[in-house]
Each structure stands twice: as C-alpha cells, then as structure tokens.
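Novice: I would like to see how this sequence folds:
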Amino acid sequence: AWSMRARLFAQVHAFDIPGFKRPLEQAFTFAQNGLRLLPGDQRAHVIMAFVHLLRNDLKSGRAEVDRALHLDAETLFVLDGIGYLMTLMGDWERGPALIEQVLNLNPFCSNDVHSALWVNWLRQKAYDRACQETMKLNRPALFWDHLARAATLGLCGKIEEGRRSAAELLIRQPDFPQRGRMLIEHFIKFDDIAARVFQGLAAVGITVD
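Specialist: Predicted coordinates:
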C-alpha cells in the first residue's frame, strides 16, 4: 500500500497535477516505507526506481531496477516497467531489448513501453521509427501522447498533421509553453534528446520557454 501510494504521488508530480503539496518528497518517503516493510517485493523496487528517475538520481534508479530484475528476471508482472525505466535512464541496450521481449510475450503490457521506445528512436535520430512508435500510444486524455506525436511529426516534416497534435496537446495542457520544459525533463534526462523534442515542437508552432 505504501509503494502504490508512492507511485500515485510520483505520477502527480510527473504530470503536474494540481492540489498536492510537495508530492515528489512524499512519494520518496512512501516508497521508502514500502521497501522497509517488503524489501523483497519486486514492484516496490520498480516504484522506488521511478521515484529516483523523477528526482534525477539516475545512479540510484539504475540500482533499484537491477535489484528488481534480480528478484525475478522471468516474471511478466513488472518486466515492462523495468524495461521502460532502464531505457529512460540510459541503458540503451538492455532497456529496449527487454521491452521487445515483453511485447513478444505479453500483448497486454503497459502502453508506457512505447514512450520509452520513442525516446530511444529519437536518440538515434530515427524519426520515422519514432513516429511509428507514437501511433501505438493510446492514452488520448493524457497530454504526453499528443506531445510525442506533435514533436515527432514536426521532426519528420509533417507540419499540418503535427499542428493538429499540437492543438490537442494545448487543449489538455494550456500552460505547456510555460511549463513544457519541466514536464519533458521529468522523463527525458538527456539534453540532446530533449533538444530534439523542443525542435520538433517548434516546427509545429509550440515554443517552450
């Protein structure tokens, strides 16, 4: 229960949901409580890794991900989350490979894995592949899916289509030009990749402060 509460407060911070005071600090405390009670729980380690990602502590995050994988390298229960976090933390070989393994075994895994693969394709400047990955995102109520599509379509030169995604992004996050840099950097921890996102968004009419 503590770990799941940590996950909730971490997402509140990540997506800038109003009405909470210091959600990331609380998420860290809750995640610590969960690990103290169940140090052998795989999901608790994954959640702590997610909190470390948001705290920009990638070294500690990678250690938690490795602990989680060591606890059970074959379960499908949290392998998608492990692959997702590995990728966002810069393990460009193991992370995407684990995601592909999970996708082959479990078609009902978390949709978040496509966001991680999208980041990896951006890293490689494989913009057509990145664009294909954004088409697999299926959370239309969330601004992030529209952000990914808008930026990638801009990088691919598909400006009119990208502007439609940009409009959807601004409907869901009207203050994105002012807060977008912070929101993007919650998940994208590498300056060169983030710069490509900003470049793509600029191409479709969204300039991030």
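Novice: The most far-flung residue of the chain relative to its centre and Leu201, how far apart?
Specialist: The C-alpha centroid of the chain is most remote from Leu37, which lies 27.0 Å away (Cα atoms, centre = their mean). Separation of Leu37 from Leu201 (Cβ to Cβ, to the nearest Å): 42 Å. Where you see a C-beta, it was placed from the backbone N, CA and C, and this is true even at glycine.
Novice: what about the strands in the protein?
Specialist: When assigned using DSSP state E, the chain turns out to have no strands.
Novice: Where does pLDDT dip in it?
Specialist: Along the chain, the model assigns pLDDT under 70 to no residue.
Novice: Which residue ranges of this protein form helices?
Specialist: Under the criterion DSSP state H, the chain contains helices at 2-14, 23-37, 42-54, 58-71, 79-88, 94-105, 112-123, 127-134, 143-155, 159-172, 176-187, 191-203.
Novice: for those helices, which one sits closest to Asp209?
Specialist: helix 176-187 (5.5 Å; Cβ to Cβ).
Novice: Give me the distance between the residue most central in space within the chain and Ile159.
Specialist: Centroid-nearest residue in the chain: Phe187, 4.8 Å away (criterion: Cα atoms, centre = their mean). Here Phe187 is placed at a distance of 25 Å from Ile159 (Cβ to Cβ).
Novice: What of Gly205?
Specialist: Using Cβ to Cβ, one gets 9 Å for the distance from Gly205 to Ile159.
Novice: just Asn120 next, same as before
Specialist: For Asn120, the distance to Ile159 equals 24 Å [Cβ to Cβ].
Novice: likewise Ala203?
Specialist: Distance from Ala203 to Ile159, counting by Cβ to Cβ: 6 Å.
Novice: So for the two, which residue has more residues nearby?
Specialist: The neighbour comparison of Ala203 against Ile159 (other Cβ atoms under 10 Å) goes to Ala203, with 20 against 13.
Novice: Verify the stated contact: that one with Thr152.
Specialist: No: between Ala203 and Thr152 there is no contact under Cβ atoms under 8 Å: 10.2 Å.
Novice: what touches both of the two?
Specialist: Common neighbours of Ala203 and Thr152, counting by Cβ atoms under 8 Å, 6 or more residues apart in numbering, are Gly162.
Novice: Relative to Ala68, how far out is Asn106?
Specialist: Relative to Ala68, Asn106 is positioned 17 Å away (Cβ to Cβ).
Novice: Mind checking which of the two has more residues around it?
Specialist: Ala68 (25 against 13).
Novice: which residues touch the more buried one?
Specialist: Gln42, Arg43, His45, Val46, Ala49, Val78, Ile82.
Novice: Same check on Trp121?
Specialist: Counted by Cβ under 8 Å, 6+ apart, Trp121 has contacts Tyr127, Arg129, Ala130, Glu133.
Novice: Please consider this matter closed, and thank you.
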